[in-house]
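1. What follows is a predicted structure for the sequence shown.
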Amino acid sequence: MLIVMEKGSTEEQIQAAVNTIEKRGYTARPIPGGDRVSIGILHNKGSVDAAHFLGLDGVKEVIPVTKPYKLVSRELQKENTRIKVGDAVFGNGSLPVIAGPCAVESREQILSIARSVKKAGAKLFRGGAFKPRTSPYSFQGLGEEGLQYLAHAREETGLPIVTEVMDVENFDIVEEYADVVQIGTRNMQNFSLLRRAGKSRRPVVLKRGMSAMLQEWLMAAEYIMEEGNPNVILCERGVRTFVRHSRNTLDLSVVPAAKKESHLPVIVDPSHASGVRDQVVPLACACAALGADGIMIEVHNNPDEALSDGAQSLYPKQFADVMEKINAIHAIVGQK
Ligand code: PEP
Ligand code: MN
């Protein structure tokens, strides 16, 4: 249930409504809006009687929230959530691009790629230091040493860092270095990890599980928000289908569907969606036309020798070209 306060309601009136909610054993979550405050009621078992709140001073209306995901839902918050990281804003109609290699491999590799993606216009730099690999024999990432290289690249280029956290055990260390923590497709329903991310001060990129329905994805985001972290960026990265021409199938339709259901920004990763370099470019263009809130693209200075995901990594020149295309498309169809 959502209590909507009158425009210009006072701090005292808002606090009185919060107290009334808490006295009944529920949790109150005030949500500042454009010109009025709303208060979400959480942790109610069964329905809540609106009559308890309708008579309070400053309360305009009481709206039932029908969705199982409450905090994530547009029912609770009409305006888009905007998440600012460095120069980038996710959710304001702009199209920030996150670019970098799949995995951090060496200091030189990271610096070289960070410089080239910065020059091409990327707003954030990505790279995994803890890698979730299908095979235990594949390169697993450099761990903390990799995080140090990322921090060094940030110092040099000014680009904020997005990097994956794989488990609760390593959360503290990843959070210390990262500007944005990423939860990967394989961990979308790792509920203890989601809860830990909810206690973090860092924005979270939450990738869609490779066979997750929209509702499951949004419920995963709800875990993070429910713990108190409002800064969740949803990332579509392709789902598993029967096709063989690509690694996954990019589900473009989930972007408008997610944005209709939720106020959270929705970005797209065409690299993991396709697994094939030649498909990444047109798919990135489609994302720009689609109204996505950002794009994540893998780029490598030497993709043929990459320790992870070389086949889908763009060459730096290719990335610079796709940035031009993306920006041109966004200038025409962007919603800013
Ligand atoms: C990644 O971004 O490097 C990654 C492993 O992505 P996903 O979780 O989407 O496979
Ligand atoms: Mn990858």
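-> Cool, got the structure. Since this is a predicted model, take the numbers as computed values, not measurements. Ligands and ions are numbered 1, 2, ... in the order given.
2. which parts of the chain sit against ligand 1?
-> 102, 128, 132, 184-185, 207, 237, 272 (CB under 6 Å from any ligand atom). For the C-beta atoms, the positions are set from N, CA and C on the backbone; glycine is no exception.
3. Tell me who's in contact with residue 215.
-> Contacts of residue 215 were listed using CB atoms under 8 Å, 6 or more residues apart in numbering, and they are 68-69.
4. and it, helix, strand or coil?
-> helix (DSSP: H, G, I helix; E, B strand; the rest coil).
5. For it, give me the pLDDT.
-> Per-residue confidence (pLDDT) for residue 215: 97.
6. do the same with the one 3 residues further on
-> For residue 218, the pLDDT comes out at 98.
7. That one touches residue 258, doesn't it?
-> Yes - between residue 218 and residue 258 there is a contact under CB atoms under 8 Å: 7.3 Å.
8. So these two - more neighbours on which side?
-> residue 218 (25 against 21; other CB atoms under 10 Å).
9. How about the more buried one, nearest residue that isn't a chain neighbour?
-> Leaving aside its chain neighbours, residue 218 sits nearest to residue 69 (4.4 Å; criterion: CB to CB, 6 or more residues apart in numbering).
10. low-confidence ranges in the protein?
-> Across the chain, the ranges flagged by pLDDT under 70 are 335-336.
11. In the protein, what residue lies closest to ligand 1?
-> Distances between the chain and ligand 1 by CB to the nearest ligand atom are smallest at residue 184, namely 2.9 Å.
12. ok now do that residue, which residues does it touch?
-> 132, 164, 166, 207.
13. try 7 Å this time
-> 132, 164, 207 (CB atoms under 7 Å, 6 or more residues apart in numbering).
14. which of those are buried?
-> Among the contacts of residue 184, the ones that count as buried by 16 or more other CB atoms under 10 Å are 164, 207.
15. of all the contacts of residue 184, which comes closest to residue 191?
-> Nearest to residue 191 among those: residue 207, at 15.4 Å, using CB to CB.
16. Could you double-check that the closest one sits in contact with residue 188?
-> Yes - counting by CB atoms under 7 Å, residue 207 does reach residue 188; the two are 6.4 Å apart.
17. Next, count neighbours for the residue of the stretch 201-336 of the chain found nearest ligand 2.
-> When scored by CB to the ion, the stretch 201-336 of the chain has residue 309 as its residue closest to ligand 2, at 3.7 Å. Under the neighbour criterion other CB under 10 Å, residue 309 is assigned a count of 19.
18. What sits closest to it if chain neighbours are left out?
-> residue 102 (3.7 Å).
19. measure the one you found to ligand 2 for me?
-> 3 Å (CB to the ion, to the nearest Å).
20. how many neighbours does that residue have?
-> 25.
21. where do the helices sit along this protein?
-> Counting by DSSP state H, one finds helices in the chain at the ranges 11-23, 51-54, 107-120, 144-157, 171-177, 191-198, 214-226, 254-261, 270-274, 277-290, 316-333.
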